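S.K.: please work out how this folds:
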Amino acid sequence: MAKIDWQMNEVVQPADLNQIGQEINGLVGDVGNMSTVPTTAKTAAGAIAELFTNVSDGKTVVAAAITDKGVPTVASDTFAVMADHIGAIPVGPDTSDATATVVDILTSKTAYGATGTRLTGTMPNRGGMSLTPRMEDVEIPVGYHDGTGKVIGDPDLIPSNVKAGVNIFGVNGKAEVIDTTEITGSAAMPAHILTGRAGFVNGARVAGNMANQGAMNTTATLQNQQVAIPAGYHNGSGKVTVSISNLTATNIANGVNVGGIVGTGPAYSVGGKIPINKVGGFSATTKQVLNLSSDLIYYQRTAAIPGFLLCSSAVTNTNILNKINITTGTVIGTCTLPGTITYVTTDPVCENAYILCGVIAKVRISDMTLMWSVSHGGSSFPDSVILGVDGNIYPVWQGGGSNSSYRIERYNNSNGAATYITSRSYDDGLPIASNADQAGNVYVTEGNGRITKYNSSGTQIAQIYIASSRIYSIVYVDTNSLYIYQRRNVSGTQYYFMSIYSSSSLSLIHELQQPNTGFEMHDQLKDSLTISRYGSGAGSVLVNVFSSTSFNFYPFYLNTSISSFINYNSSIQRGSNGMIVIIPYIAGSGATVPVYFVQPEIQLY
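M.R.: Prediction:
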């Protein structure tokens, strides 16, 4: 080995130089031939530096590649660490873009998620599932369906099995298939259907047994003769011919129209008109007096119908409507109303009654069933109601009090639904009446002489004012004529008139002055017959009957000992078979109320 501890002034010997040369040659041998090294630099230091740089750059690239495979690695990691990381790289396809979760994979089946994790599915296998339609929605359960499932059809789902107007799963009902359900009391029976015909009621076929009478013709030869009309269907071409002997103009008082024949014979001079009893006493024509307890009947709360009285007491059970047999005087039916009854009336055919009892109510007379009740919208409750020609119900106020609001409403006959027409505000207690024609036009009269016409929606279309008039009621109305009963001052004297006005223009067509001063209208009756009366004391009550057929008043006297007939304290109504029913005012519990059934000698209607 060459000397390395030289001192100053020491002499170098040849052997020393030889030793140094040998060691240099040895180093060259150890380094090797640098020209063969695969580096750009050909010196040892340069080659080593270049090698270090390449290794460092290589580790950076390798570390990034390992990291991209999901195993985080940095360039400073040793080769051993990198080797371990390479071993940890997952083997298989790249699942990083996978979106499935366990609920998306069929139960018991496996797959690999976005992170390469093995997933076991939980989706139920429903296979080939069948569903049966029901009225409500049928839920389709979540899960896998193999395509063989179905919604089960029904061969009975055909138009003839579906009601008209109904669509079931795209099948429209057949027009002839309808709901034949009917409420009790309105269902057709065999007697309502022509023999040889049939119908369906409540799902059952009903064969008719109504007799076909065709065109039936018969002749009546006597006054008040009753011609029996057999039950069954009549085709409308049959007729009853009236042929009365001696019914000639010379046998009829002058100016009087009887059955279309105007009389030319002598006239009676009582009040300028022919009295029904020809000035004789009336007791002979009083057919019946029915004595009832005031605990059952009150004059203002009574309606006469064929064979019966509908009435209520003013002293006890004032909310109960009684149906009384006029032959026996017994109560055969009742209906309990929501409040105290103040007024009772019926429709023209006496099928239904309309009652004021704090509300407006409808009762079916046959079985005394309450059909509906409805409140009145105004602050002033009506004194009575009237069935309009259009078939609906309208309120009437008689006056005599101080009321601030009169609300005119139309009440639907079927369900009582109210339609507002108009309101009137007064504080003088004047009568207010309303009625309607067949077209639904509403006529409102006011005690101060005003008549107003509204269309069915409540729009005013005509109005007149009659000076010095006090209108009491609308007796009758149709699309041509309006019958008004009124009191009017003529030259300082009060007279009562039955006046006819045009329904369209409300202009006066014709009127008749009542023959007796002091009379006031008391009752409005069906088919245009109106009765008014004036009491002259016990033993003699004068009754006026107005007939729209002859447009005339006919007075007669009723002999009675009831002093309460004086003034307005009685009810006069038309009963069945042309009779007049008169009910006096009798107050107090347990009192006897005589009900008079009177038959006029001259048939007016």
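
S.K.: surely Thr73 and Ile66 touch.
M.R.: Yes. Shown here, Thr73 and Ile66 form a contact pair, counting by CB atoms under 8 Å, at 4.1 Å. Just so you know, the C-beta spots here come from the backbone N, C-alpha and C atoms, and that holds for glycine as well.

S.K.: ok, and for stretch 146-154, which residues are buried?
M.R.: Buried residues in stretch 146-154, counting neighbours by 16 or more other CB atoms under 10 Å, are absent.

S.K.: what segments of the stretch 251-400 of the chain are strands?
M.R.: Here the stretch 251-400 of the chain has its strands, by DSSP state E, counting those that start in this stretch, at 257-258, 261-262, 286-293, 302-305, 308-311, 320-325, 331-336, 343-346, 352-356, 360-364, 369-374, 384-387, 393-396.

S.K.: whoops, the stretch 451-600 of the chain was the one
M.R.: With DSSP E, counting those that start in this stretch applied, the stretch 451-600 of the chain shows strands at 460-465, 469-477, 481-490, 493-502, 508-513, 520-524, 529-535, 541-547, 552-558, 570-574, 580-584, 592-598, listed in chain order.

S.K.: re earlier: any chance of TSV for the strands of the stretch 251-400 of the chain, columns mean neighbour count?
M.R.: Below are these laid out as TSV (neighbours: other CB atoms under 10 Å):
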stretch	mean neighbour count
strand 257-258	16
strand 261-262	14
strand 286-293	16
strand 302-305	23
strand 308-311	24
strand 320-325	21
strand 331-336	15
strand 343-346	22
strand 352-356	23
strand 360-364	21
strand 369-374	16
strand 384-387	20
strand 393-396	25
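
S.K.: for Thr73 and Ile66, list the residues in contact with both.
M.R.: Jointly contacting Thr73 and Ile66 under the rule CB atoms under 8 Å, 6 or more residues apart in numbering are Met82, His85.

S.K.: quick one: closest of the strands of the stretch 251-400 of the chain to Ile105.
M.R.: strand 369-374 (65.4 Å; CB to CB).

S.K.: if we can go back for a sec, as TSV, the strands of the stretch 251-400 of the chain with distance to Asp104 would be great.
M.R.: Formatted as TSV, the strands of the stretch 251-400 of the chain follow (distance: least, CB to CB, whole Å):
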stretch	distance to Asp104
strand 257-258	99
strand 261-262	102
strand 286-293	88
strand 302-305	80
strand 308-311	78
strand 320-325	75
strand 331-336	70
strand 343-346	77
strand 352-356	70
strand 360-364	67
strand 369-374	62
strand 384-387	74
strand 393-396	70
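
S.K.: switch these over to TSV; also include mean pLDDT and distance to Pro93.
M.R.: Supplementary listing: the strands of the stretch 251-400 of the chain in TSV, determined by pLDDT from 0 to 100; distance: least, CB to CB, whole Å:
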stretch	mean pLDDT	distance to Pro93
strand 257-258	79	115
strand 261-262	82	118
strand 286-293	77	107
strand 302-305	84	98
strand 308-311	90	96
strand 320-325	94	93
strand 331-336	96	88
strand 343-346	88	94
strand 352-356	93	88
strand 360-364	96	85
strand 369-374	95	80
strand 384-387	84	91
strand 393-396	87	87
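
S.K.: out of those, flag the one nearest Gly149.
M.R.: Using CB to CB, the strands of the stretch 251-400 of the chain put strand 369-374 closest to Gly149, at 53.0 Å.

S.K.: and that closest one, what does it pack against?
M.R.: Other elements packing on strand 369-374 under the criterion 3 or more CB pairs under 8 Å, 6 or more residues apart in numbering; DSSP states H and E are strand 331-336, strand 360-364.

S.K.: quick one: residues contacting the closest residue to Glu176 other than its chain neighbours.
M.R.: Residue nearest to Glu176 in three dimensions, not counting chain neighbours: Ala164, with 7.1 Å by CB to CB, 6 or more residues apart in numbering. Ala164 makes contact with Gly173, Lys174, Ala175, Glu176, Val177, Ile178, according to CB under 8 Å, 6+ apart.

S.K.: what's the mean pLDDT across the longest helix along the chain?
M.R.: Using DSSP state H, we find that the single longest helix of the chain is helix 44-68. Across helix 44-68, the average pLDDT comes to 76.

S.K.: now do the buried residues in that helix.
M.R.: Ala47, Glu50, Lys59, Val62, Ala63, Ile66.

S.K.: which among those residues gets closest to Pro431?
M.R.: Ile66 (109.9 Å).

S.K.: surely the closest one touches Gly87?
M.R.: No. Counting by CB under 8 Å, Ile66 sits too far from Gly87 to count as a contact (10.1 Å).

S.K.: what's the model's confidence in stretch 581-596, averaged?
M.R.: Averaged across stretch 581-596, pLDDT comes to 80.

S.K.: from here on, call the first residue 30.
M.R.: Renumbered: residue one is now 30, and that last one reads stretch 610-625.

S.K.: next, the buried residues of that stretch.
M.R.: Neighbour-count burial for stretch 610-625 [16+ other CB under 10 Å]: Val610, Ile611, Ile612, Pro613, Tyr614, Ile615, Val622, Val624, Tyr625.

S.K.: one more: stretch 223-240?
M.R.: Buried, per 16+ other CB under 10 Å, within stretch 223-240: Val230, Val235, Gly237, Met239.

S.K.: in contact with the closest residue to Leu319 other than its chain neighbours: list those residues for me.
M.R.: Once flanking residues are discounted, Leu319 sits nearest to Val624: 4.4 Å by CB to CB, 6+ apart. Val624 is in contact with Val318, Leu319, Asn320, Leu321, Ile326, Leu338, Ile355, Val610, Ile611, Ile612, counting by CB under 8 Å, 6+ apart.

S.K.: relative to Pro188, how far out is Gly228?
M.R.: Going from Gly228 to Pro188 by CB to CB, to the nearest Å gives 21 Å.

S.K.: right, I mislabeled it, should have said Ala44
M.R.: Taking CB to CB, one finds Ala44 at 133 Å from Pro188.

S.K.: neighbour count winner among these two?
M.R.: Set Ala44 next to Pro188 and count neighbours by other CB atoms under 10 Å: Pro188 wins out with 14 against 10.

S.K.: can you read off the pLDDT for the nearest residue to that one once chain neighbours are set aside?
M.R.: Counting by CB to CB, 6+ apart, Lys203 is the residue found nearest to Pro188 once chain neighbours are left out, at 4.2 Å. Here, the pLDDT recorded for Lys203 equals 86.

S.K.: so Ile197 touches Leu186, yeah?
M.R.: Yes. Ile197 is within contact range of Leu186, at 6.5 Å (criterion: CB under 8 Å).
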